[in-house]
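Student: From the sequence below, what's the structure:
(chains A and B)
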Amino acid sequence: NAGVMQNPRHLVRRRGQEARLRCSPMKGHSHVYWYRQLPEEGLKFMVYLQKENIIDESGMPKERFSAEFPKEGPSILRIQQVVRGDSAAYFCASSPGRALKANVLTFGAGSRLTVL
Amino acid sequence: DQQVKQNSPSLSVQEGRISILNCDYTNSMFDYFLWYKKYPAEGPTFLISISSIKDKNEDGRFTVFLNKSAKHLSLHIVPSQPGDSAVYFCAARPLGTDKLIFGTGTRLQVFP
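Tutor: Okay, here's the model as predicted:
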């Protein structure tokens, strides 16, 4: 029973390129969350999605960032025209439903983006 | 605007002794508080949580205390073991939401 799978684990991009990060939730989980950890900081909430729906995107930067969780396939966090400040570890978490009990989030190992 | 603060970036404790990790928060509208443990190159792993209506929750060697009047919570690990060496994040969930607000973490090192 695989956990939350994220790929790539490491991604290097030059300024102006696009970055795509993928997240496959745990089997049976239909809710996906994306968090970003900048160097020396804690994880910061970005977006919460269910299949084909964005539930809460209050933590997403207004420009260049988008997320989707299609009916089939993994959730994707897309960053267009990356800048050096986007360099961070991006963590995905999943849950089987609304996290009414706040301990049901399972995190993936993260994708580390480096922008040159 | 850091709503959840962990003011100690690191803590060093001898094996067998108690580790106390602290966390302060500024928002009274949190309904759950959690502690996560993170090893290098891995994602955070849930450790223990506490509802805002309680003041203590215990699970084996781990106990979380919540002092609402002081807006402070702490994680006690006793006895500490070398395998406990990791970064510990305090997190809080705003009432009515599904997101977590994380602190900046405390790196715990347990030495023999």
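Student: Any residues of chain A in contact with chain B? List them.
Tutor: Proximity of chain A to chain B, by Cβ under 8 Å from any Cβ of the partner chain, involves residues A:4, A:31, A:33, A:35, A:40-45, A:48, A:55-56, A:58-59, A:91, A:93, A:98-99, A:101-103, A:105-110. Quick note: C-beta positions are derived from backbone N, CA and C, even for glycine.
Student: Show only the entries of these found in helices.
Tutor: The members of the residues of chain A next to chain B all map outside helices under DSSP state H.
Student: Make a ChimeraX selection of the buried ones in those residues.
Tutor: Buried residues within the residues of chain A next to chain B, by 16 or more other Cβ atoms under 10 Å in any protein chain shown, are selected in ChimeraX with:
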select /A:4,31,33,35,42,43,44,45,48,55,59,91,93,99,102,103,105,106,107,108,109,110
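Student: Take the residues of chain A next to chain B and keep only those in strands.
Tutor: Judged by DSSP state E, strands contain the following of the residues of chain A next to chain B: A:31, A:33, A:35, A:43-45, A:48, A:55-56, A:91, A:93, A:106-107.
Student: mind listing the strands for chain B?
Tutor: Shown for chain B, the strands assigned by DSSP E span residues B:4-5, B:10-14, B:19-25, B:30-38, B:45-51, B:56-59, B:62-67, B:72-77, B:86-94, B:101-102, B:106-111.
Student: Quick one: those strands as JSON lines, columns for mean pLDDT and distance to A:Gly16 too.
Tutor: Listed next are the strands of chain B as JSON lines, based on pLDDT from 0 to 100; distance: least, Cβ to Cβ, whole Å:
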{"stretch": "strand B:4-5", "mean pLDDT": "94", "distance to A:Gly16": "34"}
{"stretch": "strand B:10-14", "mean pLDDT": "97", "distance to A:Gly16": "37"}
{"stretch": "strand B:19-25", "mean pLDDT": "97", "distance to A:Gly16": "39"}
{"stretch": "strand B:30-38", "mean pLDDT": "94", "distance to A:Gly16": "32"}
{"stretch": "strand B:45-51", "mean pLDDT": "94", "distance to A:Gly16": "36"}
{"stretch": "strand B:56-59", "mean pLDDT": "97", "distance to A:Gly16": "48"}
{"stretch": "strand B:62-67", "mean pLDDT": "98", "distance to A:Gly16": "45"}
{"stretch": "strand B:72-77", "mean pLDDT": "98", "distance to A:Gly16": "43"}
{"stretch": "strand B:86-94", "mean pLDDT": "95", "distance to A:Gly16": "33"}
{"stretch": "strand B:101-102", "mean pLDDT": "94", "distance to A:Gly16": "30"}
{"stretch": "strand B:106-111", "mean pLDDT": "97", "distance to A:Gly16": "35"}
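Student: Out of the ones you listed, which gets nearest to A:Leu77?
Tutor: strand B:101-102 (17.8 Å; Cβ to Cβ).
Student: follow-up on the earlier one: may I see the strands of chain B organised as a markdown table, with distance to A:Leu21 and mean neighbour count added?
Tutor: Formatted as a markdown table, the strands of chain B follow (distance: least, Cβ to Cβ, whole Å; neighbours: other Cβ atoms under 10 Å in any protein chain shown):
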| stretch | distance to A:Leu21 | mean neighbour count |
| --- | --- | --- |
| strand B:4-5 | 25 | 20 |
| strand B:10-14 | 30 | 14 |
| strand B:19-25 | 29 | 21 |
| strand B:30-38 | 19 | 22 |
| strand B:45-51 | 20 | 17 |
| strand B:56-59 | 33 | 12 |
| strand B:62-67 | 32 | 18 |
| strand B:72-77 | 30 | 20 |
| strand B:86-94 | 21 | 23 |
| strand B:101-102 | 19 | 22 |
| strand B:106-111 | 26 | 17 |
